[in-house]
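Trainee: Below is the sequence, then the predicted model.
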Amino acid sequence: MKFSNGCWLHKEGTEVFSPAQVYFIKKDDQVLVKESGKFTCKEIILCAPTHKIYNRGDTLGGVNLNIRISSPYSDVLRIRSNHYLGVRDKGPSFELTMDEDHNIEVNNEEELLVIHSGNLRLEINKSNWKMEFYRGDEKITDSGWRDLAYVKTDWRGLAYDDGGTKNTYMRERLSLSVGELIYGLGERFSPFIKNGQTVDIWNEDGGTSTEQSYKNVPFYISNKGYGVFVNHPEKVSFEVGSENVKKVQFSVPGEGLDYFIINGPTMKEVLMRYTDLTGKPGLPPPWTFGLWLSTSFTTNYDEETVNSFVDGMLDRKIPLKVFHFDCFWMKEFHWSNFTWDSDVFPDPAGMIGRLKEKGLKICVWINSYIAQESSMFAEGVEKGYFIKRPNGDVWQWDMWQPGMAIVDFTNPAACDWYSSKLEALMDMGVDCFKTDFGERIPTDVVYFDGSDPHKMHNYYSYLYNKVVFDLLERKLGKGNAVLFARSATTGGQKFPVHWGGDCWSDYESMAESLRGGLSLTMSGFGYWSHDIGGFENTSTPDVYKRWAAFGLMSTHSRLHGSWSYRVPWAYDEESVDVVRFFTRLKGTLMPYLYKNSIESSNTGIPVMRSLVMEFTDDPTCGYVDKQYMLGDSLLVAPIFNDKGIAHYYLPEGKWTNYLTGEVKMGGRWIKEEHGYLSIPLMVREGSLLPIGSRYDDAVYDYADGLILKAYELQENIPSTTVVYNDKQEVEVQAKIFKKDNKIYIDVDSKKDYSVRLINLNNISSVTNGSYKQDNNDTVITPDKSGQIICTL
């Protein structure tokens, strides 16, 4: 939201009240700080008049800001600024994890108030208001004249102000430095770098080709190695180098603003600290990384159709792990009633059992909108389970389902009621749910617990997905729950997995989907998926095959469309070959992918990540948005044209093509042609990849028959990896170390394994093992436990 008219003026009718000075300081329980010197406390409270106080008369009226500074963790500072403190907060609030006993270190000097949290330091000029944030000696950002402000957009003067909170805002503007780039703010399909954009944090059902977003997160991250989290579930308006090109501005309606400055110094460390605060990504079970196949949306299907799809995949030797039933598993006009359409599926329990005998998991589509024709509608009305209008009527409209109502998840009884319907499906054999929608949540409503409807608009997605995820965890156990969710906000990363929403079926939509996914994983989310081949319309076979390679080199992979099927033989026989090839490839990568997923759930560092997160010091990587790192070692560059031309960037170092073994020097752009059974899949130098022995499933014993592939070993730098089982227990620990003319291999495993030294064929002898040459590689098999030493 813009308040200015150029550099000097405000918009007509707008007045801005910014701190002029610090008049007095309190700490913790309103204890006045009178002396200079150092001390520790939990919170500092500043009285900041918005005009200079020269004498007692200057204290008679005017706008004062109450500013509170604290720290929930080391290297994180919280800044809360309020005008009127008597405004009632009706909630909801984000669920944050904070150390309430964490202290800040304060030095109250004559001109400066200095506040430390770890290596993060805030200096406040007390006589001429300014806040400067430092990491050590490096200033990372600041807030100065007219930046932090209370804003009135209907101002006629103090004498005419009725003290109301309508048309009032709190805003902050933090400086941008030369070359500083801003990322994140949720899943956004606009340019990956947010500089120059206006971004409103407001969930909407707008597809993937507009500035609207299904997943809005009021958090951004800078390539300078810090992040800013605005702790408001309602609409937060960001002006990222737009209204003022040297500043990131964020504003919220009302009388208060609450935000956190999060230090790195690396972008990964920023995300680690941000997810300490808002929650780590949940860990999806291993089977979810296999291939998902859907009925598609408005297509015609019954059990015979479903079986033809499933059997067609199995007959063509395409490993399939999940079958998804989209909306029409329920009868039309009855969504959602969570009852199978008996005209189409007369024996749903038997059908599910038969599909499970083929090794499949089952997913069904749901949402939280209850149609008037639904068998659940009357009960929901009678028991008060729906969102209501201010006059007490149930809120209804005719968009999506005629006369539909919306479940009120602030009502515990409504949550139990909704969960009980899903639990019956789970008892039938359903393994997970596609939690669709949750964005078009009205604001002219009343909630059971009195929540502010403007704050609930975005937050609704959190409650909706939490209710379903909690049920799955309760029934299946921690680490075994998964959703396929579309809407989200802060904290939604705890309830994976999320997919990109309704995209078109062309290369442009494929690229915008990737931008959205990378933005989301810059916002605290660990995993991401998208509809292979696109959702709306039907792609050409060319787009489908390129999208299949991209989709199967994503953390989660689903074939799903709108009004046409997505089975590969519906396109051409080569599409079958492509889907089979990349599904099998992903199966062999499961030890690596699951390792990275466990690390993501522990640290908050996403599995699918941008190049700028991994190679922040490489200036080119700051602008790359059509390729990504899949885990810590693999670089993936999808192809976005019908010529088969890949144009991608490799950071410094040696990179090895995983599929061909070809080595390329980095620090440059590469342009090359690829067939459909190929994609630039490049391995970072010094990597030790754990590769599985099976390609026909996502779930197997990853340690049994493990192949440890070593790439471009670095002198005196160890390459390490681990392999986990499905209980997240370490089964294999491996380290390879190259020094002078020897390679030392240490592997702790109780099961058979081998080591493959990629592009290294000058081994002269091996102790504790045998070796053989295989093209340019050397394959080593241990004779017994203990260190293996290879002599070059």
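Mentor: Alright, I've got the coordinates.
Trainee: which residue sits closest to L271 in space, ignoring its chain neighbours?
Mentor: In space, and not counting its chain neighbours, L271 is closest to G604: 4.8 Å by C-beta to C-beta, 6 or more residues apart in numbering. For the C-beta atoms, the positions are set from N, CA and C on the backbone; glycine is no exception.
Trainee: Can you classify R515 by secondary structure?
Mentor: R515 falls in the helix class when you classify it by DSSP: H, G, I helix; E, B strand; the rest coil.
Trainee: same deal with V576?
Mentor: helix.
Trainee: what's near enough to touch it?
Mentor: R316, I318, P568, W569 (C-beta atoms under 8 Å, 6 or more residues apart in numbering).
Trainee: Can you get me a residue count around A485?
Mentor: Residues contacting A485 under the criterion other C-beta atoms under 10 Å number 26.
Trainee: Can you read off the backbone torsions of it?
Mentor: phi -100, psi 150 (degrees, to the nearest 10).
Trainee: That one touches G500, doesn't it?
Mentor: No: with contact defined as C-beta atoms under 8 Å, A485 does not count as touching G500 (11.1 Å).
Trainee: and G380, what element?
Mentor: helix 377-383 (DSSP states H and E).
Trainee: Which residues does that helix contact?
Mentor: I370, A371, Y385, F386, V394, G403, A405, V407, A413, A414, W417.
Trainee: okay, the residues you listed in JSON lines with secondary structure next?
Mentor: Below are the contacts of helix 377-383 laid out as JSON lines (three-state DSSP):
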{"residue": "I370", "secondary structure": "strand"}
{"residue": "A371", "secondary structure": "coil"}
{"residue": "Y385", "secondary structure": "coil"}
{"residue": "F386", "secondary structure": "strand"}
{"residue": "V394", "secondary structure": "strand"}
{"residue": "G403", "secondary structure": "coil"}
{"residue": "A405", "secondary structure": "strand"}
{"residue": "V407", "secondary structure": "strand"}
{"residue": "A413", "secondary structure": "helix"}
{"residue": "A414", "secondary structure": "helix"}
{"residue": "W417", "secondary structure": "helix"}
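Trainee: Of those, select the buried ones using a PyMOL command.
Mentor: Written as a PyMOL command, the selection of buried residues from the contacts of helix 377-383, which uses 16 or more other C-beta atoms under 10 Å, is:
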select buried, resi 370+371+385+386+394+405+407+414+417
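Trainee: For E187, which residues are in contact?
Mentor: 213-215, 488, 498, 500-501, 516-517, 519-520, 523, 525, 528.
Trainee: thinking again about what came up before, buried set for the helix holding G380?
Mentor: For helix 377-383, by 16+ other C-beta under 10 Å, it's F377, G380, V381.
Trainee: Could I get the pLDDT score of V31?
Mentor: The score at V31 is 83. That number is its pLDDT.
Trainee: residue contacts, it?
Mentor: So V31 contacts nothing (C-beta under 8 Å, 6+ apart).
Trainee: List the contacts of stretch 200-213.
Mentor: 1, 185-190, 197, 199, 214-218, 230, 235-238, 437-441, 457-458, 461, 487, 489, 500-504, 508-509, 512-513, 516, 536.
Trainee: Show me the residues you listed that map onto strands.
Mentor: L185, G186, Q197, V199, N216, V217, P218, V230, S237, F238 (DSSP state E).
Trainee: on that earlier part again, now list the buried members of the contacts of stretch 200-213.
Mentor: 1, 185-190, 197, 199, 214-218, 230, 235-238, 437-441, 457-458, 461, 487, 489, 500-504, 509, 512-513, 516, 536.
Trainee: list the helices and strands the lengthiest strand in the chain packs on?
Mentor: When the chain is parsed with DSSP E, its longest strand is strand 730-739. Secondary-structure packing of strand 730-739 (3 or more C-beta pairs under 8 Å, 6 or more residues apart in numbering; DSSP states H and E): strand 688-691, strand 706-711, strand 719-724, strand 742-748.
Trainee: Can you tell me which of those strands is nearest to G144?
Mentor: Of all those, it is strand 719-724 that lies closest to G144, at 46.2 Å by C-beta to C-beta.
Trainee: Next, count neighbours for N775.
Mentor: For N775, using other C-beta under 10 Å, the count is 9.
Trainee: can you put the ones in strands among the contacts of stretch 200-213 in a markdown table and add pLDDT?
Mentor: A markdown table is the format used below for the ones in strands among the contacts of stretch 200-213 (pLDDT from 0 to 100):
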| residue | pLDDT |
| --- | --- |
| L185 | 98 |
| G186 | 98 |
| Q197 | 98 |
| V199 | 98 |
| N216 | 98 |
| V217 | 98 |
| P218 | 98 |
| V230 | 98 |
| S237 | 98 |
| F238 | 98 |
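Trainee: L283: which of the residues you listed is nearest?
Mentor: Scanning those for proximity to L283, where the rule is C-beta to C-beta, the winner is V217, at 20.0 Å.
Trainee: Distance of that closest one relative to Y744?
Mentor: Using C-beta to C-beta, to the nearest Å, one obtains 45 Å as the distance from V217 to Y744.
Trainee: One more: L148?
Mentor: Taking C-beta to C-beta, one finds L148 at 57 Å from Y744.
Trainee: With neighbour numbers in mind, choose between those two.
Mentor: L148 (24 against 14).
Trainee: what sits against the more buried one?
Mentor: Contacts of L148 (C-beta under 8 Å, 6+ apart): S18, P19, L65, I67, S81, W129, M131, R171, E172, R173, L257.
Trainee: quick one on the thing from earlier: adding distance to V779, write the helices and strands packed on strand 730-739 out as CSV.
Mentor: Below are these laid out as CSV (distance: least, C-beta to C-beta, whole Å):
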stretch, distance to V779
strand 688-691, 12
strand 706-711, 9
strand 719-724, 17
strand 742-748, 12
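Trainee: Convert stretch 435-448 to PDB, retaining C-alpha atoms only.
Mentor: Presented in PDB, the C-alpha positions along stretch 435-448 are these (Å, rounded to 0.1, in the frame of the first residue of the first chain):
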ATOM      1  CA  THR A 435      -7.000 -30.400   1.000                       C
ATOM      2  CA  ASP A 436      -8.100 -28.200  -1.800                       C
ATOM      3  CA  PHE A 437      -9.300 -24.600  -1.600                       C
ATOM      4  CA  GLY A 438      -9.400 -22.500   1.600                       C
ATOM      5  CA  GLU A 439      -8.500 -19.200  -0.100                       C
ATOM      6  CA  ARG A 440     -11.900 -17.500  -0.800                       C
ATOM      7  CA  ILE A 441     -12.700 -16.900   2.800                       C
ATOM      8  CA  PRO A 442     -15.100 -14.000   3.400                       C
ATOM      9  CA  THR A 443     -14.500 -11.100   5.800                       C
ATOM     10  CA  ASP A 444     -18.200 -10.000   6.400                       C
ATOM     11  CA  VAL A 445     -18.600 -12.900   8.800                       C
ATOM     12  CA  VAL A 446     -18.600 -13.900  12.500                       C
ATOM     13  CA  TYR A 447     -16.600 -16.800  13.900                       C
ATOM     14  CA  PHE A 448     -17.500 -19.000  16.800                       C
END
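Trainee: And the helices in the stretch 551-700 of the chain?
Mentor: 573-588, 590-603, 611-614 (DSSP state H, counting those that start in this stretch).
Trainee: what's in contact with the last one?
Mentor: With contact meaning C-beta under 8 Å, 6+ apart, helix 611-614 is reached by 181, 183, 223, 267-268, 271, 522, 605-606, 618, 621-622, 624, 627-629, 632, 635, 649, 651.
Trainee: For it, list every residue counted as buried.
Mentor: In helix 611-614, counting by 16+ other C-beta under 10 Å, buried: L611, V612, M613, E614.
Trainee: same question, the longest one
Mentor: By neighbour count with 16+ other C-beta under 10 Å, helix 573-588 contains the buried residues 574-588.
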